[in-house]
Structures are given as C-alpha cells and as structure tokens.
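Enquirer: Quick check, what structure comes out for this input:
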Amino acid sequence: MEHALASQDDNASLLLGRKPVDVEQTDDATREIQQPVEQVLMGGMDLPTALGGDSNRPLTEEESSQVIADINRRKPDLVWVGLSTPKQEKFMELFHRELDAKVMIGVGAAFDFHTGRVSQAPRWMMRSGLEWFYRLCTEPRRLGPRYLRNNPMFIWHILLQQSGLRRYPLD
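Expert: Numbers count the residues shown, from 1 in each chain. Below you'll find the predicted structure:
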C-alpha cells in the first residue's frame, strides 16, 4: 500500500526524521519509496529537541505551532515520519488533524537504515524476528531502557485484552 501511494506522480512527500538528511542521503531514502528526489519536499525540517532529540518533554505551544506551520507551508501529500517509537506515534496522533497532509506513515529507523547511519541486522536475524535483538546489541544505551520499559507493558496490555479484563477502543 505504501508503494502504491508513494508512486503516484501527483504526490509530494516530506521526510520527517530525528536528524537532518542531506540531498544524497535523501536520494537513497526516496529510491526505497519509489519517488524521485524532485518530488520530495526538502528544506531542513528543524524539529524541536522534544521530537528529534532524546528529550521526553512535551512540545511548547509555540513549538507545536511552528512544526504545523513548517509542514503545512511545504504542502506535502505524504509525511514519512521517521522518529523513534513511541515519539512518531505520538507525533502523528498529536498533529494529524492540523496538518494538511493526506497521509502520515510511521517508518521508524528507515531513514537511518537507508542512509547508512545505522546498520541493519543480517537477513537471517530479520527473517527470524530477531532484528530487535541486533539493534539492542548495537545501541544498548539508547534502546535498552526503552525495551525494558515498553515491552513488558505492551505484553501486559495484550494479556489484559486477551483475558477479557480490559478492552482498548480503537478510536
């Protein structure tokens, strides 16, 4: 589905990541989404450190307004959101009603992988569902606390829902 959306001639994309991406790196990343660089809206989306950095503080009202204005000024049809989890999900939830973009797609570390900033796990680990373990071994200080905090909570919520003790609405 992402490929079909991205390959339309009239769609312009904005690559929104936690670190600036230069033109050569953007060309590599856009080749993966089947879209030429000319159609990708660039111009250094300067994300507040609350989104792009390691901070977990909420955006100020002024920062939120600036992010909305910067993105809407570029008039993207697609916004590829490459922030860390759960920042990208929170970003999309917070801004989806206020952005003029038709679609936002969370792509996690895809920009880092396609630009060569972060190495991907060997194919056998990906096929075995062990890419998370490879990433934990290569970035233990950054990912260790997140995995230890988020994963048990995620499993706990799955167990609550599967047991019928808790229902999580989708709206």
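
Enquirer: which residues of the protein fall in helices?
Expert: Ranges of helices within the chain are 2-6, 23-32, 49-52, 61-74, 87-95, 110-114, 123-127, 131-138, 140-163, based on DSSP state H.

Enquirer: so which of those helices comes closest to residue 17?
Expert: helix 110-114 (4.5 Å; CB to CB). For glycine as for every other residue, the C-beta is placed from the backbone atoms N, C-alpha and C.

Enquirer: what is the mean pLDDT for that closest one?
Expert: Mean pLDDT, computed over helix 110-114, is 80.

Enquirer: which one of the helices of the chain is the most hemmed in?
Expert: Highest mean neighbour count of the helices of the chain: helix 110-114, a mean of 21 (counted as mean count of other CB atoms under 10 Å).

Enquirer: Could you name the helices and strands sitting against it?
Expert: Applying 3 or more CB pairs under 8 Å, 6 or more residues apart in numbering; DSSP states H and E, one finds that helix 110-114 contacts strand 13-17, helix 23-32, strand 78-82.

Enquirer: quick revisit: export the helices of the chain as JSON lines, with columns for distance to residue 81.
Expert: Output for these, formatted as JSON lines (distance: least, CB to CB, whole Å):
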{"stretch": "helix 2-6", "distance to residue 81": "12"}
{"stretch": "helix 23-32", "distance to residue 81": "13"}
{"stretch": "helix 49-52", "distance to residue 81": "10"}
{"stretch": "helix 61-74", "distance to residue 81": "10"}
{"stretch": "helix 87-95", "distance to residue 81": "5"}
{"stretch": "helix 110-114", "distance to residue 81": "10"}
{"stretch": "helix 123-127", "distance to residue 81": "22"}
{"stretch": "helix 131-138", "distance to residue 81": "19"}
{"stretch": "helix 140-163", "distance to residue 81": "17"}
